[in-house]
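Peer 1: coordinates for the following, if possible.
(one chain, ligands or ions: 3)
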Amino acid sequence: MELKDKIDRNKLPQHVAVIMDGNGRWAKKKGNQRIFGHQNGVKAVRETVEAAAELGIKFLTLYAFSTENWKRPQNEVNALMHLLISTLNTEIKTLQDNNVRLLAIGDLDSLPANVHKQLNNTIELTASNTGLSLVLALSYSGRWELLHAIKNIVQLACEGKITPEQLNDETFYQYMQSSFMPYPELLIRTSGEYRISNFLLWQIAYTELYFTPILWPDFRKEHFFEAILDFQKRERRFGKTSDQLVSEVTPNANNNS
Ligand code: IPE
Ligand code: IPE
Ligand code: MG
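Peer 2: Ligands and ions are numbered 1, 2, ... in the order given. Model prediction:
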């Protein structure tokens, strides 16, 4: 039986987020420049998008470039921006073939104009696709997104359009850029690093975390399916006890009037 067939289609996460890490180390191991690792990471992106689409997952968020990544050497930043443009162009076919709609989160205005243009172009071309929503986190950080939301709320408060009483978990999220998607149930990080690196901070409060030593350019569909299977074995308690969860699934026989 193939890994994919072991996955319970009734217990799929709606939203999977991925920290794609390890490109530089992958290239170094092969005696190559870091950019060689980034270039080879494109195949892993394609495989992951296809795997998520095949399963019928609704949202896949890929952390492609953090606000902190601007601090990398200029030649690496430039190479990443060029790679982004060419990939957004060449992968349009993959997106269309798999009915995938592209979206983006992050400080998109800080991207070079030609990246922004290609990004908007691919977003527009795939806008009517109804399958997986692929969300690229670009010039993104969790703190940036939170601050952005808080600034909006403070502005509205100054204008007398919102009061403190109106804010709770749900209403606060509506002010965040990624409020169009549910919180991720599963977060995958490759390359054996055990940290969040300023990814979806608000959203991952109760997300299941999955860490794998695989370096991103080596990540394939099978690795994605393994992560989903691991997720499906977990008990998500959200603060409750295990016994409470069992009684919620199998209601008391005296209680079925
Ligand atoms: C992830 O790989 C890609 C980006 C952060 C853009 P890295 O470039 O961080 O690779 P390592 O972690 O140095 O191996
Ligand atoms: C996180 O990877 C950002 C992306 C994958 C885009 P980094 O390689 O930048 O993270 P740190 O610096 O090792 O935490
Ligand atoms: Mg890294």
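
Peer 1: quick check: residues of the protein near ligand 1?
Peer 2: For the chain, the contact set with ligand 1 under C-beta under 6 Å from any ligand atom comprises Met20, Asp21, Gly22, Asn23, Gly24, Arg25, Phe65, Asn69, Leu80, Ser191, Trp216. C-beta: built from backbone N, CA, C; applies to glycine.

Peer 1: among those residues, which ones are in strands?
Peer 2: By the criterion of DSSP state E, membership of those in strands covers Phe65.

Peer 1: widest-spaced pair of the residues of the chain next to ligand 1?
Peer 2: Between any two of these, the greatest separation by C-beta to C-beta is 17.5 Å, found for Arg25 and Phe65.

Peer 1: which of those two has more neighbours?
Peer 2: Comparing Arg25 with Phe65 by other C-beta atoms under 10 Å, the one with more neighbours is Phe65, at 20 against 17.

Peer 1: now do the contacts for the more buried one.
Peer 2: With contact taken as C-beta atoms under 8 Å, 6 or more residues apart in numbering, Phe65 is in contact with Leu80, Leu84, Gly106, Ala137, Leu138, Ser139, Tyr140.

Peer 1: can you rerun that using 7 Å?
Peer 2: Neighbour list for Phe65: Leu80, Leu138, Ser139 [criterion: C-beta atoms under 7 Å, 6 or more residues apart in numbering].

Peer 1: what about those residues, which one has the most neighbours?
Peer 2: Of all those, the most densely surrounded is Leu138 (24 neighbours; neighbours counted as other C-beta under 10 Å).

Peer 1: report pLDDT for that residue.
Peer 2: According to the predicted model, the pLDDT of Leu138 comes to 98.

Peer 1: in this structure it contacts Leu62, no?
Peer 2: No. With contact defined as C-beta atoms under 7 Å, Leu138 does not reach Leu62; the gap is 9.5 Å.

Peer 1: about what we covered before: so which of the contacts of Phe65 sit within helices?
Peer 2: Members of the contacts of Phe65 lying in helices (criterion: DSSP state H): Leu80.
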